[in-house]
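Visitor: This is the structure alone, sequence omitted:
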């Protein structure tokens, strides 16, 4: 796998005291789903806007699909698709007309556009509504149309800025499935931002946790969670005998705590350790009646790296920074 | 892009209705009520009104130009809305030359303006057949060449004003400011011109301004096509070349401004 996006020391400063993106560097591999996770105002959208040629970096360098963002903007624009946070489909036009407009903007030739538009409308399940005006669409339908539009010119990288913000859970799941499908079938690189932990966890191959304009961690979701501490296995064993020592000897076990019949075991890799723990207990004649495995959530990982939970982060200052960033965006 | 603008326009039914009703009101109110020609001795009327047989005819031609101006002044509105709803961002990430954004709107506006002006012209002519009303009387032998000439003038005028207002819309941020600027420009443009009143009636300083108002040039040029024995303010060539120059200049300005303001910062 080769890097399709390479970012080096990227900085965006909106004004003296608003530093939205603070010297970040990362690479995105071709074909992966790369997530930017962080609270509102952390600099996610600003980064996306820079990578999609909407904002000019204050300093730093970024290569997108082999093109330099600083002076090959049109080349970059041709190979990327953007599904922005705010909906930008045209209310007064029908879904299909919106698609044709998008195809024209990207210079897709008519015959090919015609075929692809029908395919895409089918994929996002908007065939029946395609000739209705967009102002009659629900939020989920608009978002799906927006997604379909982002794909009309077969981009190599799709940027999704908060793709499921404000959608109900069914639509959210449908969009997740769709993104997974895209990756599997077309090998499109997907760069998404989100502040839903479950979304980042379920979708992304790798996640960068961004807070106050800085990347504080970058790894696979599993590794991020593991770095917080091991999995937890809860075990209940019949009888009064103490099996703590036996369990402690099993592979991968870090720590054991016993309280009557209940044991709480910390392990490096839970699913691998369970059989070994069970074996250890039964070889000592113990009878396990219940076992459960719990994993640390990304929320804990986030907490570990930023020193505050997502919710705290949004309340403390995050909002102001977001508003400030948005205001200067509007100033353009 | 141009098609999108036009679809917006004809889909909104009330707008079509307004388009039809507005010129009737204007023609009726201004043309019929301010019949200043009645104050003059009959034989001097054509001389005073640039060859037009009556004030209504004089003013109806000017009204064509004013109507084009009115259509154009809202050409920038859609840019402001697009900025607000994020559609402009979509255009900004698309691999299209930045100038396409203003030029598509200018074209759409010119098309609208041509349609609207045709309606006004038809209504003004139809007034002749309504008892009690004065209608637009064109010169005898008014032919297709004259009509084409008038529309060519209107095309240039619309291009100039559509470019002007589109450029302003690109530069301002919100609709309140845009409305302010539109009003600031619109009324002086309309009244300090020969469109509705002969410049001969104006004080010297105002006439000096009016004589170099593109709206005057357009009205002046069209009257030279519409009436016989016109007493032109400028020669036809001056009017048309002037309009052409202004149209090219303002359209160029819109492209330059869009390059500057629609690229990333």
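Guide: Sure thing, it's come through. Note that the structure is a prediction, hence the values are computed from the model and not measured.

Visitor: List the residues that contact residue A:189.
Guide: By C-beta atoms under 8 Å, 6 or more residues apart in numbering or on different chains, the contact list for residue A:189 reads A:4, A:5, A:28, A:29, A:30, A:31, A:32, A:33, A:34, A:156, A:157, A:158. Glycine gets a C-beta too; all of them are placed from N, C-alpha and C.

Visitor: can you list the domains in chain A?
Guide: According to automatic domain parsing, chain A comprises the domains A:3-225+A:300-330, A:230-294.

Visitor: among those domains, which is the most enclosed?
Guide: Neighbour counts (mean count of other C-beta atoms under 10 Å in any protein chain shown) averaged over each of those peak at domain A:3-225+A:300-330, with a mean of 19.

Visitor: which residue packs closest to residue A:22, ignoring adjacent ones?
Guide: residue A:213 (3.6 Å; C-beta to C-beta, 6 or more residues apart in numbering or on different chains).

Visitor: Just confirm residue A:247 contacts residue A:267, I think it does.
Guide: No. Using C-beta atoms under 8 Å, residue A:247 makes no contact with residue A:267, being 9.7 Å away.

Visitor: what do those two both touch?
Guide: Common neighbours of residue A:247 and residue A:267 (C-beta under 8 Å, 6+ apart) are A:253, A:277.

Visitor: got the contacts of residue A:189 as a markdown table, with distance to residue B:202, secondary structure and pLDDT columns?
Guide: Output for the contacts of residue A:189, formatted as a markdown table (distance: C-beta to C-beta, whole Å; DSSP: H, G, I helix; E, B strand; the rest coil; pLDDT from 0 to 100):
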| residue | distance to residue B:202 | secondary structure | pLDDT |
| --- | --- | --- | --- |
| A:4 | 67 | strand | 85 |
| A:5 | 65 | strand | 85 |
| A:28 | 68 | strand | 88 |
| A:29 | 73 | strand | 89 |
| A:30 | 71 | coil | 87 |
| A:31 | 73 | coil | 85 |
| A:32 | 72 | coil | 88 |
| A:33 | 70 | strand | 89 |
| A:34 | 68 | strand | 90 |
| A:156 | 64 | coil | 88 |
| A:157 | 63 | strand | 89 |
| A:158 | 62 | strand | 89 |
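
Visitor: need the residues of chain A near chain B, please.
Guide: Contact residues, chain A versus chain B (C-beta under 8 Å from any C-beta of the partner chain): A:52-56, A:73-75, A:77-78, A:80, A:82, A:84, A:86-88, A:90-93, A:97, A:101-102, A:104-107, A:330-332.

Visitor: where exactly do the helices run in the stretch 101-250 of chain B?
Guide: Taking DSSP state H, counting those that start in this stretch as the test, the helices found in the stretch 101-250 of chain B are B:144-171, B:175-191, B:204-210, B:214-226, B:236-262.

Visitor: swap that for chain A, please
Guide: Remark: helices assigned in chain A by DSSP state H are A:44-51, A:73-79, A:95-105, A:110-123, A:139-150, A:169-186, A:197-203, A:221-228, A:244-249, A:270-283, A:298-306, A:310-313, A:319-330.

Visitor: wait, what's in contact with the closest residue to residue B:250 other than its chain neighbours?
Guide: Leaving aside its sequence neighbours, residue B:250 sits nearest to residue B:163 (C-beta to C-beta, 6+ apart; 3.6 Å). The contact partners of residue B:163, taken as C-beta under 8 Å, 6+ apart, are B:102, B:106, B:247, B:250, B:251, B:253, B:254.

Visitor: do the same with residue A:163
Guide: Counted by C-beta under 8 Å, 6+ apart, residue A:163 has contacts A:83, A:143, A:147, A:175, A:179, A:192, A:194.

Visitor: Please repeat the previous calculation with a cut-off of 7 Å.
Guide: A:83, A:175, A:192 (C-beta atoms under 7 Å, 6 or more residues apart in numbering or on different chains).

Visitor: measure the second one to chain B for me?
Guide: The spacing between residue A:175 and chain B, counted by C-beta to the nearest C-beta, to the nearest Å, is 19 Å.

Visitor: Now do that residue, the pLDDT please.
Guide: According to the prediction, residue A:175 has pLDDT 81.

Visitor: Surely residue A:25 and residue A:8 touch.
Guide: Yes. Proximity of residue A:25 to residue A:8 meets the contact threshold set by C-beta atoms under 7 Å, at 5.1 Å.

Visitor: residues contacting the closest residue to residue A:249 other than its chain neighbours?
Guide: Excluding its sequence neighbours, the residue lying closest to residue A:249 (C-beta to C-beta, 6+ apart) is residue A:280, at 6.4 Å. Counting by C-beta under 7 Å, 6+ apart, residue A:280 touches A:246, A:247, A:249, A:250.

Visitor: from these, which is closest to chain B?
Guide: Taking C-beta to the nearest C-beta as the measure, chain B sits nearest to residue A:250 out of these, at 54.6 Å.

Visitor: what sits against that closest one?
Guide: Per C-beta under 7 Å, 6+ apart, neighbours of residue A:250: A:273, A:276, A:277, A:280.

Visitor: and the gap between the residue nearest to residue A:22 and residue A:85?
Guide: Plainly put, residue A:213 is 18 Å away from residue A:85 if you go by C-beta to C-beta, to the nearest Å.
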